[in-house]
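>>> With the sequence up front, the predicted model follows.
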Amino acid sequence: MDLKKHYHRDMSEQEASTKEEVVIQGVPASPGMAIGKAYVYHKKTPEIEDGRIEEEEISAQIQIFLNARKHLKKQWQKLLAKEKTKQSKAILTAQIAIIDDPDLADQIKSNIKDKQYGAQQAIDKAFAKYIDKLSKTDNAMMADRLIDLSDIRDRLLEAAGTKSVPSFSKNVDILVSKEISPREVIQLSHQNIKGFIMEQGGNTSHAAIIARSVGIPAVVGAKGVMEQLKSEATVCLDGDRGLISINPSTQTRKRVEQLRGDDTHTLEEQLTICRQPSRTNDGTPFTIRANVEFPEELEKVQQFRAKGIGLLRTESVYLNQEQFGSVQKQTAFYEKMLAQTEDHPVVIRLFDVGGDKFQGTKISESNPYLGWRGIRMLLDERSILRDQLKAILITAGQHPGRIKLLVPMVSTVDEITEVKKEVKKCQQNLAGIGMAIDQDISIGIMVEIPSVAIGAASFADQVDFFSIGTNDLTQYLLAVDRGNALISKLYNQAHPAVWKLINHTVEVAQKNAIMVDVCGELAADPVAAACLLGMGVSSLSMSPIRIPGVKKLLLNRSADEMKELAKQVQLCVNVKEVEALFNKWEDNINHV
């Protein structure tokens, strides 16, 4: 059997025959889930008229450019006037500045006067210089700006008289494209679009930033999705995990609808739920925090009343720089997160990316998920670790007791010993130059490697808390690459073995009087969240938009019911039994 052919076969054949679910792993760009009909958008570059113009045509061609620029600026200003989010306004304002840029205008005019290009060719040649320069950079953030420039160029060319570039339909559920410009995201956000899927781009692109700011789920970096997917095919996207399901199975659909259940509630209904004290219906308190990576997510953190940040991802601080951001830049980033989360805790996870994204160099590994990443990489690259620890400790000194340090991809006790030594050295160095620091900063570990969960007792007396990452824990425990379409159906966090390992980790934490939190996908599933609390998990952390749905269920059940649910899960022997138990439990909810 030709597995490659099987994996990449055309969707029309797939839908006509087996209707198998195909799962593609992308990069999460904007949290949330969406399901609907795909619209595959193939962008076309405007056709440019080549050749030289006569000298007497120069003035007319310059005027064509000036008129086109004026027309385009008006279009962008109209979009700007409609926008409400700070992020969209800032990006549109920056793009208007590009349209208005005097150096760019001079270059275009020079191309017309000196080289006797027509307006269209002059525009194209001028933009080509900037685009070529950006395309050669290793800086992910700068490379993402190529999309912005290309879109401005294409719209300017169109305004200057090129053939109209076909755009997307107005009735779009989920737009699928190689790349999407921020202008297109803004336009579609006013047309009730459900989600975006992009083959290219990163989670720091302007399109991704806007999608997050307006709350539209998005996945980027989904290589090959344009080959696999045809317009009108049903597709599900998971913006939290970066997963795309083509022709989703009944199980996938059910899960999506369950997690999206509260999307039908108005914002005011969601906020009413979030304003209520976090207590079960018999008065037992619980804590919900937020998973955050970008500053624009803080608005949702505040809106949905999260009690701080349970997982602050720091990868964007690295990926936004040609090298890891300076201590000052990192400190400014952490300070912003602390300033906008009242007096609640903020759990900062150390940089958790492997060699594939290390300072612009590509380090080839046959299985990067099991390779040089997380604390393994940081202990080899001590300068990066020390700079990050320094920035975290400086910030913690201004907010004593609020910051917790989380170590990712831990597999041995020796790694914790080394991290604690580095923390101690940084504290001594900073104190030596008169810096205020938090001498008692809490240090915890991600429990995501099965051996750590099994041997949790060896780690419990070395750290202050556990944070269970159920996504990777499931992947490693079940030996399933969740991005592999051939086996992704085997990836299921409802597996009894996952629950048994979580329960064991919680029991060890309780015996050693340390906190245990869950920041993986299970925390964002309402019934699974209830089960976790029933096992004794201290707090749950999730994407901010998941908070209303999870909190609603927890408010309406008792702690005793949750404990009983946790006991029943331990008796299940397969995934079907766990899912049946969860479905039955949810069906008995007393709705508000």
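That came through, no problem.

>>> Now do the helices in the stretch 201-350 of the chain.
206-214, 225-228, 250-259, 267-275, 298-303, 315-319, 327-339 (DSSP state H, counting those that start in this stretch).

>>> so where's the longest helix in the chain?
Secondary structure of the chain read by DSSP state H shows that its longest helix is helix 58-82.

>>> Would you mind giving both backbone torsions of E179?
Main-chain torsions, E179, degrees, to the nearest 10: phi -150, psi 150.

>>> what sits against it?
E179 makes contacts with K43, I147, M198, E199, Q200, G201, A207, as judged by CB atoms under 8 Å, 6 or more residues apart in numbering. In short, each C-beta sits where N, CA and C put it, glycine included.

>>> Which members of these occur in strands, if any?
M198 (DSSP state E).

>>> which one of the contacts of E179 has the most neighbours?
A207 (30 neighbours; other CB atoms under 10 Å).

>>> Contacts only, for that one.
Contacts of A207 by CB under 8 Å, 6+ apart are I147, E179, I180, S181, P182, E184, V185, F196, M198, G201, A218, V220.

>>> which residue packs closest to the fifth one, ignoring adjacent ones?
By the measure of CB to CB, 6 or more residues apart in numbering, the closest residue to P182 outside its immediate chain neighbours is H206, 4.0 Å from it.

>>> what do you get for the third one?
Excluding the flanking residues, the one nearest I180 by CB to CB, 6+ apart is A207, at 4.9 Å.

>>> Please identify the buried residues of the longest strand anywhere in the chain?
Counting residues, the longest strand in the chain under DSSP E turns out to be strand 33-41. Within strand 33-41, the residues scored as buried using 16 or more other CB atoms under 10 Å are M33, A34, I35, A38, Y39, V40, Y41.

>>> In those residues, find the pair that's most separated.
The most widely separated members of the buried residues of strand 33-41, counting by CB to CB, are M33 and Y41 (20.9 Å).

>>> Where do the domain boundaries of the chain fall?
As assigned by automatic domain parsing, the chain contains the domains 3-44+167-249, 55-159, 260-283+448-592, 288-444.

>>> and the first one, average pLDDT?
By that I understand domain 3-44+167-249. Mean per-residue pLDDT for domain 3-44+167-249: 80.

>>> And for the second one?
Over the span of domain 55-159, the pLDDT mean works out to 86.

>>> first to last residue in it, what's the distance?
23 Å (CA to CA, to the nearest Å).

>>> What is the nearest of the contacts of E179 to A528?
M198 (29.5 Å).

>>> Show me where the stretch 401-550 of the chain has its strands.
403-407, 442-447, 465-468, 515-518, 539-542 (DSSP state E, counting those that start in this stretch).

>>> ditto for the stretch 101-250 of the chain
Using DSSP E, counting those that start in this stretch, strands in the stretch 101-250 of the chain cover 174-177, 195-198, 218-220, 234-238, 243-246.

>>> Return the distance of R289 relative to P217.
R289 sits 21 Å away from P217, going by CB to CB, to the nearest Å.

>>> quick one: which helix or strand includes Q87?
Assigned by DSSP states H and E, Q87 falls within helix 86-99.

>>> got the angle between that helix and helix 206-214?
150 degrees (axes from the mean of the first three to the mean of the last three CA atoms, to 10 degrees).

>>> Show the secondary-structure elements that helix 86-99 is packed against.
For helix 86-99, the elements it packs on are helix 58-82, helix 140-159, helix 182-189, helix 206-214, judged by 3 or more CB pairs under 8 Å, 6 or more residues apart in numbering; DSSP states H and E.

>>> Show residues contacting stretch 369-380.
350-355, 358, 363, 365, 384-385, 388, 407-411, 415, 418-419, 446, 472, 475-476, 481.

>>> ends of it, how far apart?
17 Å.

>>> List the buried residues of that stretch.
So, applying 16+ other CB under 10 Å, buried residues of stretch 369-380: G371, W372, R373, G374, I375, R376, M377, L378.

>>> And stretch 331-348, by the same measure?
So stretch 331-348, judged by 16+ other CB under 10 Å, has buried residues T331, F333, Y334, M337, L338, T341, H344, P345, V346, V347, I348.

>>> so what's the first one up against?
By CB under 8 Å, 6+ apart, the residues touching T331 are A391, I394, T395.

>>> buried residues in the helix or strand encompassing the second one?
This means I394. Using DSSP H and E, the element containing I394 is helix 382-398. Buried positions in helix 382-398, judged by neighbour count with 16+ other CB under 10 Å: 384-398.

>>> Could you dump the contacts of A207 into JSON lines and include distance to E577?
JSON lines is the format used below for these (distance: CB to CB, whole Å):
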{"residue": "I147", "distance to E577": "47"}
{"residue": "E179", "distance to E577": "44"}
{"residue": "I180", "distance to E577": "42"}
{"residue": "S181", "distance to E577": "48"}
{"residue": "P182", "distance to E577": "47"}
{"residue": "E184", "distance to E577": "46"}
{"residue": "V185", "distance to E577": "42"}
{"residue": "F196", "distance to E577": "37"}
{"residue": "M198", "distance to E577": "38"}
{"residue": "G201", "distance to E577": "41"}
{"residue": "A218", "distance to E577": "35"}
{"residue": "V220", "distance to E577": "37"}
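
>>> returning to that earlier point: go through the buried residues of strand 33-41 and name the one nearest S451.
Using CB to CB, the buried residues of strand 33-41 come closest to S451 at M33, 31.6 Å.

>>> measure that closest one to V575 for me?
Distance from M33 to V575, by CB to CB: 20 Å.

>>> what's the answer for K37, then?
Taking CB to CB as the measure, K37 falls 29 Å from V575.
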